[in-house]
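Chemist: Next come a sequence and a model predicted from it.
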Amino acid sequence: MRPGSVYLRKNCILPDRLDPLTQPVGENWKLVEEIAAPVFDTMVRHLDWHFLCVLRPYRRRGFGLTEADAAQRALAKALERLAREYNAAELISVRIAKFLGFHIASVILQPRQIQQFTALEVAAGWHRMIVPSR
């Protein structure tokens, strides 16, 4: 789990010539292997699609007996709570602390949207502001 990692919802549609290696993460997500968000953004843009930042990043926490368990739980919570309208996410940071024998992980996730056009479709529940990607 590294900052800059890209997570795609399993039903995420990508440009035709973009088929990165992925590994499953939970039931509804997959991790793009070995491609950091800035590189992935460039790849998407070279195919005339967009990798938009949506809203601002948010944080979720997870607890565990090991650092890895705590981090996985925090990531799972963050991905699970990402609105269904968004088909991707970028991991911004993972911080781990220890308190009374338990590990506490804090994950910051940036909601992202991969799409062919620059404007969001006007649909039920889509009244959020789009921020240009980095």
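Modeler: Good, I have the coordinates. Numbering: from 1, shown residues only.

Chemist: Look at residue 53 and report its pLDDT.
Modeler: Looking at residue 53, its pLDDT reads 87.

Chemist: If we go by neighbour counts, what in the longest helix along the chain is buried?
Modeler: Determined from DSSP state H, the single longest helix within the chain is helix 67-80. Going by neighbour count (16 or more other C-beta atoms under 10 Å), the buried part of helix 67-80 is 70, 71, 72, 73, 74, 75, 76, 77, 78, 79. Heads up, the C-betas are built off the backbone N, CA and C, glycines and all.

Chemist: wait, isn't the fifth one in contact with residue 62?
Modeler: Yes. Between residue 74 and residue 62 there is a contact under C-beta atoms under 8 Å: 3.2 Å.

Chemist: which residues are in contact with both of those two?
Modeler: 105, 107 (C-beta atoms under 8 Å, 6 or more residues apart in numbering).

Chemist: about what we covered before: describe which strands the helix or strand following the longest helix of the chain pairs with in its sheet and in which direction.
Modeler: Under the assignment DSSP states H and E, the closest C-terminal helix or strand after helix 67-80 is strand 88-99. With DSSP bridges as the test, strand 88-99 is paired with strand 6-9 (antiparallel), strand 102-115 (antiparallel).

Chemist: quick one: pLDDT of the residue lying farthest from the centre of the chain?
Modeler: Relative to the C-alpha centroid of the chain, counting by C-alpha atoms, centre = their mean, residue 100 is the outermost residue, at 30.4 Å. On pLDDT, residue 100 comes in at 91.

Chemist: Excluding covalently adjacent residues, which one is nearest to the spatially most central residue of the chain?
Modeler: Among the residues of the chain, the one closest to the centroid is residue 89, at 1.7 Å (C-alpha atoms, centre = their mean). Nearest residue to residue 89, sequence neighbours excluded (C-beta to C-beta, 6 or more residues apart in numbering): residue 7, at 4.6 Å.

Chemist: So what's the residue count around that neighbour?
Modeler: 25 (other C-beta atoms under 10 Å).

Chemist: so it touches residue 31, yeah?
Modeler: Yes. Here residue 7 reaches residue 31: they are 5.7 Å apart, a contact under C-beta under 8 Å.
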